[in-house]
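Chemist: Give me coordinates for this.
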Amino acid sequence: MSATPRPAEDERKPVTLTSLAGMRALGEPIVMVTAYDHPSAQVAETAGVDMVLVGDSAAMTVLGYDSTVPVSTEELLMLCRAVRRGLRAPLMVGDLPFGSYEASDEQAIGTAQRFVKEAGCDAVKLEGGGASVARARAIVGAGIPVMGHVGLTPQTAVSLGGYRAQGRTAERAAQVIQDAVELQEAGCFSVVFEAVPSEVTDLAMARMEIPVIGIGAGPSTDGQVLVFHDLLGIYDGHRPKFAKRWADVRAEMVRGVSAYAAEVRGRTFPGPEHVYSIPPEELGRLNEMTHARDEPSGAYDW
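Modeler: Just a heads-up that it's a prediction; the model follows:
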């Protein structure tokens, strides 16, 4: 069976929580990508994705940090504002960075409100179960949609033993499922499953009533999300097992910049087609003006 054609860009209706739930009910896969700036948001819009996450993965892919932990609320808000200006139809979710929501319900609500009010996010995402369940419930209670995130949670990867699959023992798998169910009960509209064995995801799906978005969690989820820079081959850092590449944009960027540098050094750029000209009569007048200026009398006043 062939995929359902996507409507033209200018015909698409904005994606809402209701339409996402409808897609899940109909078994229509949900497409989600990350985006961190205006140009990538425009690409996501034109490509017709359903959701865009301004992820804290921007810490590594865009800002050059070694992990997601150092990125600040102010940095992510700036990126969210840029993405917002490039989106119309996809639902936009902003990642709450490490240290911006864990301390208390009040802190979590305050940070979430900033992402909605200052950056135009439609929803926010937070990581983990446990205390994060209470934070999610508080934010939802304040009227802001929340997406949960279980399995590999990069903000706390050190405590999980590093960037590795989660749920590979029965005990840990049960915890992943419990975290997902508790986030669902807390009112989250969706949950991300990251780096979870597909068999564990299959078991969890039987207990989920909200859209589940997978990233390295197998094919049975309601949708998939990948990092923009991974799927396009822009980022040259570590590429996880689950990140398939559909393009090699970085290689093309290097090729283009290298070709530009070679032409500049070879004095073949700029060519005649890249320069502006002045009408001959104006050039003649200019020559007269500069000649007069060079005379000893200095008759022309610049």
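Chemist: ok but S258 is inside a helix, no?
Modeler: Yes: residue state for S258 (DSSP: H, G, I helix; E, B strand; the rest coil) corresponds to a helix.
Chemist: so how far is V212 from it?
Modeler: The gap separating S258 from V212 is 43 Å, by Cβ to Cβ, to the nearest Å. All C-beta spots, glycine's among them, are computed from the backbone N, C-alpha and C.
Chemist: Mind checking which of the two has more residues around it?
Modeler: A direct count of neighbours by other Cβ atoms under 10 Å for S258 and V212 places V212 higher, at 25 against 10.
Chemist: Report the beta-bridge partner residues of that one.
Modeler: V191 (DSSP bridges).
Chemist: Any stretches of the stretch 151-300 of the chain with poor pLDDT?
Modeler: 154, 156-164, 294-300 (pLDDT under 70).
Chemist: Could you pull out the strands in the stretch 51-200 of the chain for me?
Modeler: All strands of the stretch 51-200 of the chain, identified by DSSP state E, counting those that start in this stretch, fall at 51-54, 91-95, 123-125, 146-151, 190-194.
Chemist: the inter-axis angle of the last one versus strand 146-151?
Modeler: The directions of strand 190-194 and strand 146-151 differ by 20 degrees, with axes from the mean of the first three to the mean of the last three Cα atoms, to 10 degrees as the criterion.
Chemist: which one of the strands of the stretch 51-200 of the chain lies closest to M205?
Modeler: Comparison of these against M205 by Cβ to Cβ identifies strand 190-194 as nearest, at 9.2 Å.
Chemist: quick one: that closest one to strand 91-95, angle?
Modeler: Going by the same axes, to 10 degrees, strand 190-194 makes 60 degrees with strand 91-95.
Chemist: Quick one: residues in contact with strand 190-194.
Modeler: 20, 125, 147-154, 166, 176, 180, 183-184, 201, 204, 208, 210-217, 221, 225 (Cβ atoms under 8 Å, 6 or more residues apart in numbering).
Chemist: Start from the N-terminal end of the stretch 51-200 of the chain and give the helices.
Modeler: All helices of the stretch 51-200 of the chain, identified by DSSP state H, counting those that start in this stretch, fall at 58-61, 73-84, 105-117, 131-141, 170-185, 198-205.
Chemist: got the domain boundaries for the protein?
Modeler: Listed domain ranges for the chain are 9-247, 254-294 (source: automatic domain parsing).
Chemist: most tightly surrounded among those domains?
Modeler: Stretch with highest mean neighbour count among the domains of the chain: domain 9-247 (a mean of 19; mean count of other Cβ atoms under 10 Å).
Chemist: Skip the chain neighbours and tell me the closest residue to G237.
Modeler: M60 (6.2 Å; Cβ to Cβ, 6 or more residues apart in numbering).
Chemist: wait, doesn't that neighbour sit right on I234?
Modeler: No: assessed by Cβ atoms under 8 Å, M60 is found out of contact with I234, at 11.9 Å.
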